[in-house]
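>>> Okay, predicted coordinates and the sequence, questions at the end:
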Amino acid sequence: MKRNNIFFKVFNEESILIQWDDQVNLKLIDTIISYKKLIEQELLEVLIECVQSINSMMVIYDPNKINSEDLINTLQKLNSSDVKVAKSEKKIWKIPVCYDLSFGIDLEDMSTLNSISIDEIIKIHSLTTYSVLSMGFLPGFLYLGVNDKKLYCERKGKPELNIKSGSIGIARDQTGIYPQDSPGGWRIIGRSPISFFNVNDKSPCFAKPGDKIKFQSISFSEFNRIEKRKNSYKIKYEVV
Amino acid sequence: MIKVLKEGLFSTIQDSGRFGYKNIGVPVSGPMDQTSAKLANLILGNDESAAVLEMTLLGPTLEFLNDTYISITGADMNPMVNKKKVLLNETLLIKKGDILYLANSSNGMRTYLGIRGGLNSEKILGSKSFYKGITKREKLIKNDQIEFDLSISSPKKINRNFNDIKINRNSKIKVFKGPEFDCLEPKSQDIIFDNEFTIGVNNRMAYNLVEIIENKIASIVSSPLMPGTIQLTPSGRVIILCRDCQTTGGYPRILQLDKNSLDCLSQKVTGEKINFYLNKSL
């Protein structure tokens, strides 16, 4: 890990923001993942939680146990240390998606905006292997990268009031999965019949940052078939 | 047990919050005005993180089906037990069948009801705090029944008088510079500290301000947020995030409220004025 492109900023009375001055890339995601693990391993006593993002991380701590200056010093030392963390297994998850126009409500607009056929959008999207970059916005909302350039599309000017759970959307170079009904501005290209977030599970979300996702195009009838047994549906995966 | 006879405007159960799940997009939640919520527990000798009821603007009417002790803190909703006025910031003995009436708040936004031993409701992901999509309930509704500890031990004796504690009604909101503050044009930076702002639409997720601040900063890569983060949208809208806020976002984070100011903000109602002061000591 290079030391010259990382910044530590006191964010408030109980958190430090770590910012990487780097282009967003998949290698950086891996760097952040292993640094986060190291912090969780070494600073257990003072840590409340670490929130990882695409090129930054928030370290939330107990100010009764350490002050910000000492914590930043420790974080800097950890960043340049040689302590190794165990690499966790990465998975490629197979997510069934129905790209029917009744679900992909923005497919037609996107086709016009990007001068590309709907069939081409679906083909490119389901052939791309995505990486889980981050989670946030909603419980279990997945930020996935990166879209093929031909699918690059800005968010809608006016957000939709009710995007249905399971909807797959596109914003700029990212794809997102809506785990629950929600307002949202991403351009919706399809819907998955499975459930993505279960509060009763020990790990409520199936994937974690660093995992991969592949979308598999399914028919409308297949969608209905899977949806009927969505609560017992096991998401298929391969170990990388 | 407490039975909800009238639900009021918006009441939720809140303990100290849901920790360890921000990384999968689950907000911390917890009381909006943490000072008042902690006081409600302190008065009763409870653990300061015990679950309390947070009530907004117009309180509920509640029937107690068992004896207990309660405390009421925060905004004054003119509380009455069986039509008899009761005091804020006091230990109140409640008998089976008593009815607690909470009306419109006269001096703030949120009132807290503490119960000896804390409220008992389902714990999801380590917390009882209500949150849409996580707990079954988003808010209390009529006929809900809430359980509490029935081993009625009297509150621990606390040799302190809390009666003169008032909620923080200061209009001064202290802020630290956010990560993207320095990207603002000097003119916009000055506007923030030289002007008065008006509270607009607000809820547990965020307080919007009415005034617009010109914004030429491009959106940022989706980045972590905290309660108290002030975001500036491309159209110049100012959004102060609160306890139920999303965990990450792509709008520039121009300022960050300090802890006390976030509690103070939580008692502001639509139309109230605030001023920002730069807090340099961090």
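Perfect, thanks for sending it. Residues are numbered from 1 along each chain as shown, chains lettered A, B, ... in the order given.

>>> Give me the contacts around the helix or strand of chain A with the lowest mean pLDDT.
None of the helices or strands of chain A scores lower by mean pLDDT, DSSP states H and E than strand A:182-184, at a mean of 87. Contact partners of strand A:182-184, identified using Cβ atoms under 8 Å, 6 or more residues apart in numbering or on different chains, comprise A:Leu138, A:Pro159, A:Glu160, A:Leu161, A:Asn162, A:Ile163, A:Ser165, A:Ser167, A:Gly169, A:Tyr178. Yep, even glycine has a C-beta here, placed from its N, CA and C like the rest.

>>> Now list the buried members of the residues you listed.
Taking 16 or more other Cβ atoms under 10 Å in any protein chain shown as the criterion, what is buried in the contacts of strand A:182-184 is A:Leu138, A:Glu160, A:Ile163, A:Ser165, A:Ser167, A:Gly169, A:Tyr178.

>>> Relative to B:Asn41, which of these is nearest.
B:Asn41 lies nearest to A:Leu138 out of the buried ones among the contacts of strand A:182-184, by Cβ to Cβ, at 30.5 Å.

>>> hang on, isn't B:Pro155 packed against B:Ala40?
No. Using Cβ atoms under 8 Å, B:Pro155 is not in contact with B:Ala40, being 11.6 Å away.

>>> out of those two, which sits in the busier spot?
More crowded of B:Pro155 and B:Ala40, by other Cβ atoms under 10 Å in any protein chain shown: B:Ala40, with 28 against 17.

>>> Would you enumerate the residues in contact with that one?
Going by Cβ under 8 Å, 6+ apart, B:Ala40 touches B:Val52, B:Ser71, B:Ile72, B:Thr73, B:Gly74, B:Tyr112, B:Leu113, B:Gly114.

>>> top of those residues by neighbour count?
Ranked by the number of neighbours (other Cβ under 10 Å), these place B:Val52 first, at 32 neighbours.

>>> confidence score at B:Asn279?
Model confidence at B:Asn279, given as pLDDT, is 89.

>>> and it, how far is that from B:Lys38?
Per Cβ to Cβ, to the nearest Å, B:Asn279 is found 22 Å from B:Lys38.

>>> list the contacts for the residue in the stretch 151-282 of chain B positioned nearest to chain A?
Evaluated by Cβ to the nearest Cβ, the stretch 151-282 of chain B has B:Thr248 as its residue closest to chain A, separated by 3.1 Å. For B:Thr248, the contacting residues are A:Val51, A:Ser53, A:Ser134, A:Met135, A:Gly136, A:Phe137, B:Gly25, B:Ser222, B:Ser223, B:Pro224, B:Leu225, by Cβ under 8 Å, 6+ apart.

>>> do B:Ile72 as well
Contacts of B:Ile72 by Cβ under 8 Å, 6+ apart are B:Ala40, B:Pro79, B:Val86, B:Leu88, B:Asn89, B:Glu90, B:Leu92, B:Leu102, B:Thr111, B:Tyr112, B:Leu113, B:Gly114.

>>> Please enumerate the strands of the stretch 1-150 of chain B.
Ranges of strands in the stretch 1-150 of chain B, per DSSP state E, counting those that start in this stretch, are B:2-6, B:10-14, B:52-56, B:61-64, B:68-74, B:80-81, B:84-85, B:92-94, B:99-101, B:110-115, B:119-120, B:145-148.

>>> and of the ones you listed, who's closest to B:Phe176?
strand B:110-115 (24.0 Å).

>>> Just give the number of residues close to B:Met1.
For B:Met1, the neighbour count with other Cβ under 10 Å is 14.

>>> can I assume it is in contact with B:Leu65?
Yes. Look at B:Met1 against B:Leu65 with Cβ under 8 Å: they come within range, at 4.1 Å.

>>> joint contacts of the two?
The contact sets of B:Met1 and B:Leu65 overlap at B:Gln145 (Cβ under 8 Å, 6+ apart).

>>> which bits of chain A sit near chain B?
A:9-15, A:17, A:19, A:24, A:48-58, A:60, A:68, A:134-141, A:143, A:180, A:197, A:199-200, A:204-205 (Cβ under 8 Å from any Cβ of the partner chain).

>>> now the helices for the stretch 151-282 of chain B?
Taking DSSP state H, counting those that start in this stretch, the helices of the stretch 151-282 of chain B run over residues B:186-194, B:259-265.

>>> Please produce CSV containing those helices, extended by mean pLDDT.
Formatted as CSV, those follow (pLDDT from 0 to 100):
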stretch, mean pLDDT
helix B:186-194, 95
helix B:259-265, 96
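
>>> ranking the ones you listed by burial, who's on top?
Highest mean neighbour count of these: helix B:259-265, a mean of 21 (counted as mean count of other Cβ atoms under 10 Å in any protein chain shown).

>>> list the helices and strands it packs on?
Helix B:259-265 sits against helix B:34-44, strand B:172-177, with contacts defined as 3 or more Cβ pairs under 8 Å, 6 or more residues apart in numbering or on different chains; DSSP states H and E.

>>> May I have it as CSV, with CA atoms only?
Output of helix B:259-265 as CSV, limited to C-alpha atoms (Å, rounded to 0.1, in the frame of the first residue of the first chain):
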residue,chain,number,x,y,z
LYS,B,259,-23.2,16.3,18.4
ASN,B,260,-25.0,18.9,20.6
SER,B,261,-26.1,20.8,17.5
LEU,B,262,-27.6,17.7,16.0
ASP,B,263,-29.7,17.2,19.1
CYS,B,264,-30.6,20.9,19.1
LEU,B,265,-31.7,20.7,15.4
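
>>> Please enumerate residues in contact with it?
By Cβ under 8 Å, 6+ apart, the surrounding residues in contact with helix B:259-265 are A:12-14, B:32-36, B:168-170, B:172-175, B:207, B:227-228, B:240, B:242, B:257, B:274.

>>> Buried only: go through the residues you listed for me.
Buried subset of the contacts of helix B:259-265 (neighbour count, 16+ other Cβ under 10 Å): A:12-14, B:32-36, B:168, B:173-175, B:207, B:227-228, B:240, B:242, B:257, B:274.

>>> Report pLDDT for the residue of chain A most remote from its centre.
For chain A, the residue at maximal distance from the C-alpha centroid (Cα atoms, centre = their mean) is A:Asn64, at 32.3 Å. Listed pLDDT for A:Asn64 reads 96.

>>> quick one: it and A:Asn73, what's the gap?
A:Asn64 is 18 Å from A:Asn73, where distance means Cβ to Cβ.

>>> Spatially, what comes nearest to B:Lys142 if we skip its sequence neighbours?
The spatially closest residue to B:Lys142, leaving aside those adjacent along the chain, is B:Glu7, at 4.9 Å (Cβ to Cβ, 6 or more residues apart in numbering or on different chains).

>>> what do you get for A:Gly210?
Nearest to A:Gly210 is A:Ile33, by Cβ to Cβ, 6+ apart, at 5.1 Å.

>>> can you count the residues close to that neighbour?
The tally of other residues near A:Ile33 (other Cβ under 10 Å) stands at 19.

>>> average pLDDT across whichever strand or helix holds it?
Element membership for A:Ile33, per DSSP states H and E: helix A:26-42. Across helix A:26-42, pLDDT averages out at 92.

>>> From the contact counts, what lies against the next helix or strand after that helix?
Scanning forward in sequence from helix A:26-42 by DSSP H and E, the next helix or strand is strand A:47-52. Strand A:47-52 sits against helix A:26-42, strand A:56-61, with contacts defined as 3+ Cβ pairs under 8 Å, 6+ apart.

>>> I'd like the average pLDDT over the last one.
Taken as a whole, strand A:56-61 has an average pLDDT of 97.

>>> Could you export the next helix or strand after it as CSV, keeping only the C-alpha atoms?
Next helix or strand after strand A:56-61 toward the C-terminus (DSSP H and E): helix A:68-80. The C-alpha trace of helix A:68-80 is given here as CSV (Å, rounded to 0.1, in the frame of the first residue of the first chain):
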residue,chain,number,x,y,z
SER,A,68,-8.6,11.3,17.2
GLU,A,69,-4.9,12.1,17.0
ASP,A,70,-3.8,8.8,18.5
LEU,A,71,-6.2,7.0,16.3
ILE,A,72,-4.9,8.6,13.1
ASN,A,73,-1.3,7.8,14.2
THR,A,74,-2.3,4.1,14.7
LEU,A,75,-4.2,4.0,11.4
GLN,A,76,-1.2,5.4,9.6
LYS,A,77,1.1,2.8,11.2
LEU,A,78,-1.3,0.0,10.2
ASN,A,79,-1.4,1.3,6.7
SER,A,80,2.3,1.0,6.3
